[in-house]
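Trainee: Need a 3D model of the sequence below.
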Amino acid sequence: MEVETLARWAKLKGIKLLGTGDFTHPTYFAELSARLEPVQDGLFRVKRGERSTLFMLTGEVCNIYHQGGRLRKIHTLIFARETRDVERLNSKLQRYGKLSSDGRPIFTFSVKDLVKMVLDISPSFVLIPAHAWTPWFGLFGANSGFDSLEECFEDEIGNIFAIETGLSSDPPMNWRLSALDRMTLISNSDAHSPSRIGREANVFDCELSYSEICDVLRKKDPKRFLFTIEFFPEEGKYHYDGHRKCNVVFSPAESIQHSKVCPVCKKPLTVGVCHRVEELADREPGVVPDGAIPARNLIPLEEIIGEALGVASSATSVRREYLRIVQTCGSEFEVLLERPLDELSRHIPRTIVEGISAVRAGRVKIIPGHDGVFGKIGILRDEEKDGVSATEQMRIF
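Mentor: Numbers count the residues shown, from 1 in each chain. Sure, this is the predicted structure:
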């Protein structure tokens, strides 16, 4: 996950701007300082290697603390414009936690105090609640989160203008809460390996600069923020309720019928994102609020190839075919979103093109993820879709 490799993979994916991640870690920040050079207003590129990829300085931190009589565990993204701002922030944060122990350091003060501390160092910082719905460490998480932004941030709420929806939710799920109408919803890949970058992404039509990107997010400008690219949220590993050890997967309604208790071991279920949205929502599904940024659900190309070949997406044969396709037909996003199917058919096996077509049309069936287990996706072929309703084509549980 060093920046040179990330830059190469970003080009394969069709990504122009990446977050560095983990700028609070002393060793990694030293590498960033040595390997990146400034290009334009708050953005950087590698000194050696693939230089078309731009980077923004980003990090993620964890706050574990008591508030309102409960233990809270919240992850927050931090964007920075200048390396000197990161140096000042790290100098301050190291008084409160061990930065070298983890890429996502842990602090025992509140998220509200984090916002004040960071913005006192520089008003150019941006703070965004990370994967806001996950049961642990999400702002709205069932196990340690809050019921509202105001409850969490109190008098610092005016400095929060965006949230990260996470892999297990998508914008339509968030649109069900009118309290989030003023928030810009962003989607990031949450990558732990280079091939996973871009599984979620944000699509802009604006000048690539730190100031411009932050302005777009702050103003929730649909002319400059075109859409987000999303997992099918059911594929996320905390979408449904469940208990991994007992192989129990429940919809919110089924979970309520069992009093949120695993019928096998009689321990509490892990309450997932879908259930939590139902608890807090004040709108029915399908409502699109004014000014909402559109979203497009995709499945990563390697998963489509693996489905077509009948092997795991991590197989060597899948990687070999993936590299051949993106080198022949353009970046992964070009292949998934833009290239005409008849053009792809001249270079790609029919079964893979059928898979791309099915994903574009939303013809997928999904066993929802739960309790840390990713969901399982199947792509409906033309011969399979007869007799399947439009709703079932999009979401088969």
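
Trainee: Next, count neighbours for the closest residue to Ser122 other than its chain neighbours.
Mentor: What sits nearest to Ser122 in space, not counting adjacent residues and going by CB to CB, 6 or more residues apart in numbering, is Asp85, at 4.5 Å. In short, each C-beta sits where N, CA and C put it, glycine included. By other CB atoms under 10 Å, 18 other residues sit near Asp85.

Trainee: Within the helices and strands, which one has Asp85?
Mentor: Taking DSSP states H and E as the criterion, Asp85 maps to helix 83-93.

Trainee: Then Asn63?
Mentor: Assigned by DSSP H and E, Asn63 falls in strand 54-67.

Trainee: Which strands or helices does the next helix or strand after that strand pack on?
Mentor: Per DSSP H and E, the first helix or strand lying C-terminal to strand 54-67 is strand 70-80. Judged by 3 or more CB pairs under 8 Å, 6 or more residues apart in numbering; DSSP states H and E, strand 70-80 is in contact with strand 54-67, helix 83-93, helix 111-121, strand 126-129.

Trainee: hey, which of those is tucked in deepest?
Mentor: strand 126-129 (a mean of 23; mean count of other CB atoms under 10 Å).

Trainee: what's that one packed up against?
Mentor: strand 70-80, helix 111-121, strand 162-164.

Trainee: what pLDDT, on average, does the last one get?
Mentor: Predicted confidence along strand 162-164 averages 98 (mean pLDDT).

Trainee: What strands line up against that strand, and which way round?
Mentor: Using DSSP bridges, the strands paired with strand 162-164 are strand 184-186 (parallel).

Trainee: Okay, now the sheet partners of the helix or strand following the partner strand, with direction.
Mentor: The first helix or strand that comes after strand 184-186 along the chain, using DSSP H and E, is strand 201-204. Applying DSSP bridges, strand 201-204 is found paired with strand 225-230 (antiparallel).

Trainee: got the CA positions of stretch 322-332 in PDB?
Mentor: What follows is stretch 322-332 as a C-alpha-only set of coordinates in PDB (Å, rounded to 0.1, in the frame of the first residue of the first chain):
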ATOM      1  CA  TYR A 322      -8.300  -8.100 -15.500                       C
ATOM      2  CA  LEU A 323      -5.000  -6.700 -16.500                       C
ATOM      3  CA  ARG A 324      -5.500  -7.800 -20.100                       C
ATOM      4  CA  ILE A 325      -8.900  -6.100 -20.200                       C
ATOM      5  CA  VAL A 326      -7.800  -2.700 -18.700                       C
ATOM      6  CA  GLN A 327      -4.800  -2.600 -20.900                       C
ATOM      7  CA  THR A 328      -6.900  -3.300 -24.000                       C
ATOM      8  CA  CYS A 329     -10.100  -1.500 -23.300                       C
ATOM      9  CA  GLY A 330      -9.300   1.300 -21.000                       C
ATOM     10  CA  SER A 331      -9.500   1.800 -17.200                       C
ATOM     11  CA  GLU A 332     -11.800  -0.300 -15.000                       C
END
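
Trainee: Can you list the neighbours in contact with that stretch?
Mentor: Residues outside stretch 322-332 that contact it (CB atoms under 8 Å, 6 or more residues apart in numbering): 11-14, 198, 300-302, 305, 335, 338-339, 343-344, 347-348, 352.

Trainee: Recalculate using a threshold of 6 Å.
Mentor: Under the criterion CB atoms under 6 Å, 6 or more residues apart in numbering, residues 12-14, 301-302, 305, 335, 339, 347-348 lie in contact with stretch 322-332.

Trainee: For whichever helix or strand comes after the helix holding Asp85, name the packing helices and strands.
Mentor: Counting by DSSP H and E, the next helix or strand C-terminal to helix 83-93 is strand 106-107. The contact analysis (3 or more CB pairs under 6 Å, 6 or more residues apart in numbering; DSSP states H and E) places strand 106-107 against strand 54-67.

Trainee: who does the strand it packs on touch, helix- and strand-wise?
Mentor: Using 3+ CB pairs under 6 Å, 6+ apart: strand 54-67 touches strand 17-19, strand 43-46, strand 70-80, strand 106-107.

Trainee: That one vs strand 70-80, what angle?
Mentor: 160 degrees (axes from the mean of the first three to the mean of the last three CA atoms, to 10 degrees).

Trainee: avg pLDDT for strand 54-67?
Mentor: Here the average pLDDT along strand 54-67 is 98.

Trainee: Tell me how far the strand holding Asn63 lies from the chain's centre.
Mentor: In terms of CA atoms, centre = their mean, to the nearest Å, the centre of strand 54-67 is found 14 Å from the chain centre.

Trainee: who's in contact with it?
Mentor: Contacts for strand 54-67 (CB under 6 Å, 6+ apart): 17-24, 43-45, 72-80, 86, 104-108, 110-111, 114, 130.

Trainee: just to revisit the earlier point, to Leu139, which of the helices and strands packed on strand 54-67 lies closest?
Mentor: Closest approach to Leu139 among those (CB to CB): strand 70-80, 5.9 Å.

Trainee: Give the buried residues for that closest one.
Mentor: 72-80 (16 or more other CB atoms under 10 Å).

Trainee: Serialize those to JSON lines and add fields for distance to Ser124.
Mentor: Shown next, in JSON lines, are the buried residues of strand 70-80 (distance: CB to CB, whole Å):
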{"residue": "Arg72", "distance to Ser124": "27"}
{"residue": "Lys73", "distance to Ser124": "27"}
{"residue": "Ile74", "distance to Ser124": "22"}
{"residue": "His75", "distance to Ser124": "21"}
{"residue": "Thr76", "distance to Ser124": "16"}
{"residue": "Leu77", "distance to Ser124": "15"}
{"residue": "Ile78", "distance to Ser124": "11"}
{"residue": "Phe79", "distance to Ser124": "9"}
{"residue": "Ala80", "distance to Ser124": "7"}
